[in-house]
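*Asks:* One predicted model, sequence on top.
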Amino acid sequence: MELRHLQYFTAVVRCGGFTRAAEQLRIAQPAVSAQIRQLERELGVTLLARTTRRVALTPAGEAFLSRAERILAEVAAARDEAAELAGALRGRVALGATPVLGPLALPETLSRFHQRHPGISVTLRSGLVAALLAELDQGRLDLVVGPLHTDLPARYRTQPLSEEELLLATPPGHRLAPRAAVSLAALRDEPFVCLPAGSGLRTLLDQACAAAGFTPRVQFETHSPASIRELVSCGLGVALLARSATRVAGPPIATVTTRQPLRHPPIGLIHLGDRRLTQAAEALRRQLAATSPGAPPSDAAGTDAPPSRRAEVPADGRGAAAPR
């Protein structure tokens with residue numbers, strides 16, 4: 001039995017099938033199947049029940065999975081410790097990030113991280129939070145930076161990084177632009193520009209308008225916050241934008257506060273509570289936490305000192321994070 005047998009087996013389980021596992025492992029699907037068959041022959045048991053749609057764990061497979069995951073976690077930890085003793089962290093981190101990150105300067109933070117840890121390569125994936133969390137569950141991502149919705153399942157550990165006010169963005173010269181504040185009810189007949197359904201911003205827009213007694217008429221959808229501003233500037237609708245997004249250079253828009261104060265869901269770090277972060281992923285988590293707008297002054301950017309235990313909590317908020 002070799003480590004690759006355990007890696008292929010756990011990948012098939014995470015991905016729910018051989019084809020997706022092969023894509024994640026970047027090897028041919030027949031090679032994955034052959035390695036799993038070899039592992040089953042060596043153990044003398046069937047680990048996976050194959051169907052035409054997906055694979056399922058047998059009782060023997062369930063028992064073997066927990067041991068395989070522990071072995072792989074220990075091997076990863078041993079490699080991390082060896083790299084640390086050698087004086088430099090090495091490894092890979094897969095980071096997912098949603099389009100709306102408020103005042104978080106992710107490119108600058110990653111640049112500082114690379115300067116501090118040149119031996120760590122980072123893969124950055126962008127998408128809506130639901131899709132990123134699915135990849136986190138499947139083991140394709142180590143960390144996600146995105147909105148911390150109140151209904152996040154308790155299996156996630158979260159760490160808030162920033163929170164800010166939302167403003168109404170209108171085209172220059174719009175009838176609402178001169179007002180000091182506007183009620184949401186006054187937007188009933190306005191066309192909106194927003195992120196697609198499933199995004200934190202869209203969810204908040206739908207909820208806020210429902211509370212005001214109407215359903216927003218979303219005329220244009222885009223995955224890009226920058227495009228929202230461009231479309232609003234062209235007169236194609238109004239939008240809710242984080243205050244930081246209205247301050248960056250871009251096409252001209254007018255901004256108005258809402259009489260019912262609206263805040264974007266906190267942006268924060270998300271990872272699985274029952275999966276130990278590699279030292280490379282933990283180093284990136286600390287870097288992101290230390291350079292966030294909400295970081296305490298004592299958390300100097302780039303420090304590798306462990307954060308306060310109270311800073312990271314289960315997604316349901318019921319108590320402090322378990323010791324690592």
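*Replies:* Received, thanks. Residues are numbered from 1 along each chain as shown.

*Asks:* can you give me the helices for this protein?
*Replies:* For the chain, helices defined by DSSP state H occupy the ranges 3-15, 18-25, 29-43, 59-85, 106-116, 129-137, 200-211, 225-233, 243-247, 279-290.

*Asks:* Give me the helices and strands touching the first one, please.
*Replies:* The helices and strands touching helix 3-15, judged by 3 or more C-beta pairs under 8 Å, 6 or more residues apart in numbering; DSSP states H and E, are helix 18-25, helix 29-43, strand 55-57, helix 59-85. Quick note: C-beta positions are derived from backbone N, CA and C, even for glycine.

*Asks:* Next, the angle helix 29-43 makes with the first one.
*Replies:* Same thing as helix 18-25. Orientation of helix 18-25 against helix 29-43 (axes from the mean of the first three to the mean of the last three C-alpha atoms, to 10 degrees) gives an angle of 100 degrees.

*Asks:* From residue 291, how far out is residue 171?
*Replies:* 34 Å (C-beta to C-beta, to the nearest Å).

*Asks:* Can you tell me the centre-most residue of the chain?
*Replies:* Centroid-nearest residue in the chain: residue 144, 2.4 Å away (criterion: C-alpha atoms, centre = their mean).

*Asks:* I'd say it and residue 272 touch.
*Replies:* No. Using C-beta atoms under 8 Å as the test, residue 144 is too far from residue 272 to be in contact (9.9 Å).

*Asks:* what is in contact with those two at once?
*Replies:* Shared contacts of residue 144 and residue 272, defined by C-beta atoms under 8 Å, 6 or more residues apart in numbering, comprise residue 136.

*Asks:* And the residue lying farthest from the centre of the chain, its phi and psi?
*Replies:* Distance from the C-alpha centroid of the chain peaks at residue 44, with 39.8 Å (C-alpha atoms, centre = their mean). Note on residue 44: backbone dihedrals following degrees, to the nearest 10 are phi 80, psi 20.

*Asks:* got it, and residue 142?
*Replies:* Dihedral pair for residue 142: phi -90, psi -40, per degrees, to the nearest 10.

*Asks:* What is the neighbour count of it?
*Replies:* Here the number of neighbours of residue 142 (other C-beta atoms under 10 Å) works out to 24.

*Asks:* One more: residue 281?
*Replies:* By other C-beta under 10 Å, 24 other residues sit near residue 281.

*Asks:* Same question for the one 4 residues further on.
*Replies:* Per other C-beta under 10 Å, the neighbour tally for residue 285 reads 22.

*Asks:* Could you list the domains of the chain?
*Replies:* Residue ranges for the domains of the chain, per automatic domain parsing: 3-80, 89-163+266-314, 166-258.

*Asks:* could you dump those to TSV with mean pLDDT?
*Replies:* Supplementary listing: those in TSV, determined by pLDDT from 0 to 100:
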stretch	mean pLDDT
domain 3-80	84
domain 89-163+266-314	79
domain 166-258	91
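
*Asks:* which parts of stretch 269-286 are buried?
*Replies:* For stretch 269-286, the neighbour count (16 or more other C-beta atoms under 10 Å) marks 269-273, 275-286 as buried.

*Asks:* Same check on stretch 217-229?
*Replies:* Buried residues in stretch 217-229 (16+ other C-beta under 10 Å): 218, 220, 221, 222, 225, 228, 229.

*Asks:* Please apply the same query to stretch 154-162.
*Replies:* Using 16+ other C-beta under 10 Å as the test for burial, stretch 154-162 gives 156, 157, 158, 159, 160, 161, 162.

*Asks:* Then stretch 115-125?
*Replies:* Those would be 117, 120, 122, for stretch 115-125 by 16+ other C-beta under 10 Å.

*Asks:* got a list of contacts for it?
*Replies:* 83, 88-97, 110, 113-114, 132, 135, 141, 280, 283-284, 287, 302.

*Asks:* now with 7 Å?
*Replies:* 88-97, 110, 141, 280, 283-284, 302 (C-beta atoms under 7 Å, 6 or more residues apart in numbering).

*Asks:* shouldn't residue 229 be in contact with residue 252?
*Replies:* No. Taking C-beta atoms under 7 Å as the definition, residue 229 is not a contact partner of residue 252, at 9.4 Å.

*Asks:* Highest mean neighbour count out of the helices and strands packed on helix 3-15?
*Replies:* Mean neighbour count (mean count of other C-beta atoms under 10 Å) peaks for helix 18-25 among those, with a mean of 18.
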